[in-house]
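**Student:** Attaching a predicted model along with its sequence, questions to come.
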Amino acid sequence: MNLAIREGESVGLVGESGSGKSITALSVLRLIPSPPGKIVSGQVLLRGKDLLQLSDKEMRRIRGAKISMIFQEPSTSMNPSFTIGSQVEEAIRYHQGGRRSEVREKALAILRAVKILIPIAFFPVSS
């Protein structure tokens, strides 16, 4: 497979069930467990860096911050035991850091941008 995506561009991978869309995206993000999965050749370049050569720690810094994936089945992407706000906050805190109030504002901005208007009461109560 040869796929080139320019900076700032969003790409949707479309195909029949079982055609390899999810495996392709998970491979780019290096989220396929080995074994059983293994990338045997090629490169995955991001701004000239081959992601296949990076350590797990370096990949964790890139995932969600520089490259991400929206999973096909939303019911498996979010944990119903936690509010959506707290889960978005957790991702921001993990990848970007920042003060609690800054993280909360970023999470609210993201939820508003995708038209998920959740009253603040759905966020965990600050202590």
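**Tutor:** Noted; the coordinates are in hand. This structure is a prediction, so every number in the text was calculated from the model and none was measured.
**Student:** quick one, domains of the protein?
**Tutor:** 21-74, 78-122 (automatic domain parsing).
**Student:** Can you add distance to residue 3 and mean neighbour count and give those domains back as TSV?
**Tutor:** (Glycine included, C-beta is placed from N, CA and C.) TSV is the format used below for the domains of the chain (distance: least, C-beta to C-beta, whole Å; neighbours: other C-beta atoms under 10 Å):
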stretch	distance to residue 3	mean neighbour count
domain 21-74	8	12
domain 78-122	23	13
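**Student:** Which among the ones you listed is found nearest to residue 14?
**Tutor:** domain 21-74 (7.4 Å; C-beta to C-beta).
**Student:** and the closest one, how far from the chain's centre?
**Tutor:** A distance of 10 Å separates the centroid of the chain from that of domain 21-74, by C-alpha atoms, centre = their mean, to the nearest Å.
**Student:** Just list the residues touching residue 37, thanks.
**Tutor:** Contact partners of residue 37, counting by C-beta atoms under 8 Å, 6 or more residues apart in numbering, are 23, 27.
**Student:** any chance of the domains of the chain in CSV, with mean pLDDT too?
**Tutor:** Output for these, formatted as CSV (pLDDT from 0 to 100):
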stretch, mean pLDDT
domain 21-74, 85
domain 78-122, 82
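**Student:** Now render those domains as JSON lines, adding distance to residue 9.
**Tutor:** As requested, the domains of the chain are exported to JSON lines (distance: least, C-beta to C-beta, whole Å):
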{"stretch": "domain 21-74", "distance to residue 9": "12"}
{"stretch": "domain 78-122", "distance to residue 9": "18"}
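**Student:** out of those, which comes closest to residue 12?
**Tutor:** Residue 12 sits nearest to domain 21-74 of all the domains of the chain, at 9.1 Å, using C-beta to C-beta.
**Student:** Among the domains of the chain, single out whichever gets nearest to residue 10.
**Tutor:** Nearest to residue 10, of all those, is domain 21-74, at 9.7 Å by C-beta to C-beta.
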